[in-house]
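Engineer: Got a predicted structure here, sequence first:
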Amino acid sequence: MTNGHDLETLARELIASQSTMALATARKGEAWAAPVYYVFYQGGFYFFSAPDSRHILESIESGQAAATIYPFVSSWKDIRGIQMSGRIKKVGPGLTAVRAVQAYIEKYPFIPEFFDPGQDLDLENFGKRFRVRFYRFRPALVYYVDNAIRFGFREAIAL
């Protein structure tokens, strides 16, 4: 709690209310950012990406990535968001992957539109349909930013 604000709750509400996370990576002095749809599940941000995409290749090579989540706002007073640094890892088959995919499908109810009726919505079929793999961004450092609390407010939190 900071000045009567439960920052973890505010951060989790923000994470649940948004759909897009911007991932940032760098290689040889060149930075890159890529937006991805995500679901937050058991302390990780799960998303689908092409294994040959720049953000995946760079994050695997360097072992580092950064991410941010924030809503679109029109006033500086409304700026709030999450800033994170951590690692991206490929998610293999298993119970965690099954549950994270289920959470992803619940968050994005349009997903079944891309598949044949009755087709399993699992890692294998996602991979075949879109040529993607499932990844998890696990933050090591998380900051909650909120100008409604105070201009330039930023504090480290745990998720």
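Structural biologist: Yep, it's here. Residues are numbered from 1 along each chain as shown.
Engineer: ok, residue 158 to residue 137 distance?
Structural biologist: 16 Å (Cβ to Cβ, to the nearest Å). Every C-beta, even on glycine, is put in place using the N, C-alpha and C of the backbone.
Engineer: Between these two, point out the one with more neighbours.
Structural biologist: Neighbour comparison, residue 158 and residue 137: the larger count goes to residue 137, with 23 against 9 (by other Cβ atoms under 10 Å).
Engineer: And what about the more buried one, helix, strand or coil?
Structural biologist: strand (DSSP: H, G, I helix; E, B strand; the rest coil).
Engineer: Quick one: residues contacting it.
Structural biologist: By Cβ atoms under 8 Å, 6 or more residues apart in numbering, the contact set of residue 137 is 21, 23, 38, 44, 45, 47, 65, 67, 84, 86, 87, 88.
Engineer: Which residue is the nearest non-sequential neighbour of the fourth one?
Structural biologist: Closest residue in space to residue 44, ignoring its immediate chain neighbours: residue 136 at 4.2 Å, by Cβ to Cβ, 6 or more residues apart in numbering.
Engineer: Check whether the one you found really touches residue 86, as I assumed.
Structural biologist: No - the pair residue 136 / residue 86 is not scored as a contact, 9.5 Å apart, by Cβ atoms under 8 Å.
Engineer: now the contacts of residue 137 as TSV including pLDDT, secondary structure and distance to residue 29?
Structural biologist: Output for the contacts of residue 137, formatted as TSV (pLDDT from 0 to 100; DSSP: H, G, I helix; E, B strand; the rest coil; distance: Cβ to Cβ, whole Å):
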residue	pLDDT	secondary structure	distance to residue 29
21	98	strand	24
23	98	strand	18
38	98	coil	27
44	98	strand	29
45	98	strand	26
47	97	strand	26
65	97	strand	16
67	98	strand	20
84	98	strand	22
86	98	strand	21
87	97	strand	21
88	98	strand	20
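Engineer: Many thanks, have a good one.
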